[in-house]
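J.: Following is a predicted model, sequence given first.
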Amino acid sequence: MALIAPRVTPGLPADDARNLARSLQDSNDITVFVDGTVHRLPDEARDAVVDLLGRLGRGEAVTVSSVEEMLTTSRAAELAGISHTYLRNMTDRGEIPVEYRGTHRRIRLADIMAWLENQKKTSASNEETTSE
């Protein structure tokens, strides 16, 4: 997952902020249109959009950025379906990238997903050669 530089949006002019705040008052019903098509947002995305609009409605400047999901080795091992010890050994050998937060290892979700995808491809390739 590539990180995108944060985007800073200044606060809205007072009249626009008041109109937006009035529209949002006692409402969490947000309809999103993209190229004329209505999209229903999952609850988490809807909540983020309502929060963003609420801040703009109060005249606040807003910064939007993305965050890569970092996993503990226990969570990463659970997702990969392998033991915690095996995963730690793979990070020691450099097979899966790892970052340290103090003495604690953290692994990017994207790196675990890439490793799993590679395992599927390797397994499929091995099955093809065995069946020939």
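T.: Yes, it's here.

J.: So which residues of this protein form helices?
T.: Assigned by DSSP state H, the chain shows helices spanning 14-24, 43-57, 73-80, 84-93, 109-131.

J.: Can you pull out the low-pLDDT segments for the protein?
T.: 1-5, 26-29, 67, 130-132 (pLDDT under 70).

J.: export the top strand by length along it as CSV, just CAs?
T.: If you go by DSSP state E, the chain has its longest strand at strand 104-108. Listed next in CSV are the C-alpha coordinates belonging to strand 104-108 (Å, rounded to 0.1, in the frame of the first residue of the first chain):
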residue,chain,number,x,y,z
HIS,A,104,8.8,-4.9,19.4
ARG,A,105,8.5,-6.1,15.9
ARG,A,106,5.8,-4.7,13.6
ILE,A,107,4.9,-6.1,10.2
ARG,A,108,3.0,-4.3,7.5
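
J.: Can you tell me which of the helices of the chain is most buried?
T.: helix 73-80 (a mean of 18; mean count of other CB atoms under 10 Å). Bear in mind the C-beta positions are built from the backbone N, C-alpha and C, glycine included.

J.: Mind giving me the packing neighbours of it?
T.: In terms of contacts (3 or more CB pairs under 8 Å, 6 or more residues apart in numbering; DSSP states H and E), helix 73-80 is packed against helix 84-93, strand 104-108, helix 109-131.
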